[in-house]
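In: Fold the following and give me the result.
(chains A and B)
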Amino acid sequence: KAGVTQTPRYLIKTRGQQVTLSCSPISGHRSVSWYQQTPGQGLQFLFEYFSETQRNKGNFPGRFSGRQFSNSRSEMNVSTLELGDSALYLCASSGGGPTDTQYFGPGTRLTVL
Amino acid sequence: TQLLEQSPQFLSIQEGENLTVYCNSSSVFSSLQWYRQEPGEGPVLLVTVVTGGEVKKLKRLTFQFGDARKDSSLHITAAQPGDTGLYLCAGDPTGGTSYGKLTFGQGTILTVHP
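Out: The predicted structure follows:
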């Protein structure tokens, strides 16, 4: 079974631009969660989607948004990029149940100049 | 204040030594996961512990879940350079009501020197 895939793996943007990241979950998984990882803050939860609906959201500004498609693929969008948005963005997929294990993709490294 | 406190933050040891990483909380977790992450990659699941007092072994790695389900430990016997990486504990302190949201410890960076 193929794992979680994320595209692109690396991105360089400038302040004020926007960016869209993509995540394809493990086949059969209906839940996709997004996390931001930085050296100072560690892994922080952004949001989770299940069957095209956002079920949970972390404490990030409205510039961070996401969506999920009918095939469970998910996209995350960040508008008006700031230097502090530079991070590794990880998505994880699971079956969506309360005790289901999350499996992570390799991440997208975003650098904002 | 971190919901999950990991210690130590950094560990630098010689090949063949033993080590223990701790993950502590004041909250009860229905389960805890341990992940290992290498630079530029996503975390890879090592184990999930569910039952208080549970001990799981994965080759040279031993994982323990505290009786009260508030803490966990990872013990590595005879560490090898291939064990080098960032070790993360994670869990859901809400009993499964926080959909898709894992709370992570700050991580332990382990370096094993040949």
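In: quick one: B:Phe10 from chain A, how far?
Out: 13 Å (Cβ to the nearest Cβ, to the nearest Å). For glycine as for every other residue, the C-beta is placed from the backbone atoms N, C-alpha and C.
In: That residue and B:Ile109 touch, don't they?
Out: Yes - between B:Phe10 and B:Ile109 there is a contact under Cβ atoms under 8 Å: 5.2 Å.
In: quick one, which of these two is more surrounded?
Out: B:Ile109 (15 against 10; other Cβ atoms under 10 Å in any protein chain shown).
In: May I have the beta-bridge partners of that one?
Out: Beta-bridge pairing of B:Ile109 under DSSP bridges involves B:Phe10, B:Leu86.
In: And for A:Tyr35?
Out: Under the criterion used here (DSSP bridges), A:Tyr35 is bridged to A:Phe45, A:Leu90.
In: Let me see the contact set for it.
Out: A:Leu43, A:Gln44, A:Phe45, A:Leu46, A:Tyr89, A:Leu90, A:Cys91, A:Ala92, B:Leu102 (Cβ atoms under 8 Å, 6 or more residues apart in numbering or on different chains).
In: biggest separation within those, which pair?
Out: With Cβ to Cβ as the measure, no two of the contacts of A:Tyr35 lie farther apart than A:Tyr89 and B:Leu102, at 15.1 Å.
In: Out of the two, name the residue with the larger neighbour count.
Out: More crowded of A:Tyr89 and B:Leu102, by other Cβ under 10 Å: B:Leu102, with 26 against 23.
In: phi, psi of B:Gly82?
Out: phi -70, psi -10 (degrees, to the nearest 10).
In: pLDDT score assigned to it?
Out: B:Gly82 carries a pLDDT score of 95 in this model.
In: and which of the contacts of A:Tyr35 is nearest to A:Gly107?
Out: Distances from A:Gly107 to the contacts of A:Tyr35, taken by Cβ to Cβ, are shortest for A:Leu90, at 4.6 Å.
In: Tell me how far that closest one lies from A:Ser24.
Out: Distance, A:Leu90 to A:Ser24, by Cβ to Cβ, to the nearest Å: 14 Å.
In: same question, B:Glu38
Out: From B:Glu38 to A:Ser24 the distance is 21 Å (Cβ to Cβ).
In: Could you do A:Gln44 as well?
Out: Counting by Cβ to Cβ, the gap from A:Gln44 to A:Ser24 is 22 Å.
In: quick one, which of these two is more surrounded?
Out: A:Ser24 (21 against 17).
In: ok now do the residue nearest to that one when sequence neighbours are not counted, which residues does it touch?
Out: Once flanking residues are discounted, A:Ser24 sits nearest to A:Thr5: 4.6 Å by Cβ to Cβ, 6 or more residues apart in numbering or on different chains. By Cβ under 8 Å, 6+ apart, A:Thr5 lies in contact with A:Cys23, A:Ser24, A:Gly105, A:Pro106.
In: try B:Ser72
Out: Neighbour list for B:Ser72: B:Tyr22, B:Cys23, B:Leu32, B:Trp34, B:Val49, B:Phe63, B:Gln64, B:Phe65, B:Gly66, B:Cys89 [criterion: Cβ under 8 Å, 6+ apart].
In: So which of those residues wins on neighbours?
Out: When the contacts of B:Ser72 are compared by neighbour count (other Cβ under 10 Å), B:Cys89 ends up highest, at 31 neighbours.
In: Wasn't that one part of a strand?
Out: Yes - the assignment for B:Cys89 by DSSP: H, G, I helix; E, B strand; the rest coil puts it in a strand.
In: wait, it sits on B:Gly105?
Out: Yes - with contact defined as Cβ under 8 Å, B:Cys89 and B:Gly105 form a contacting pair (4.6 Å).
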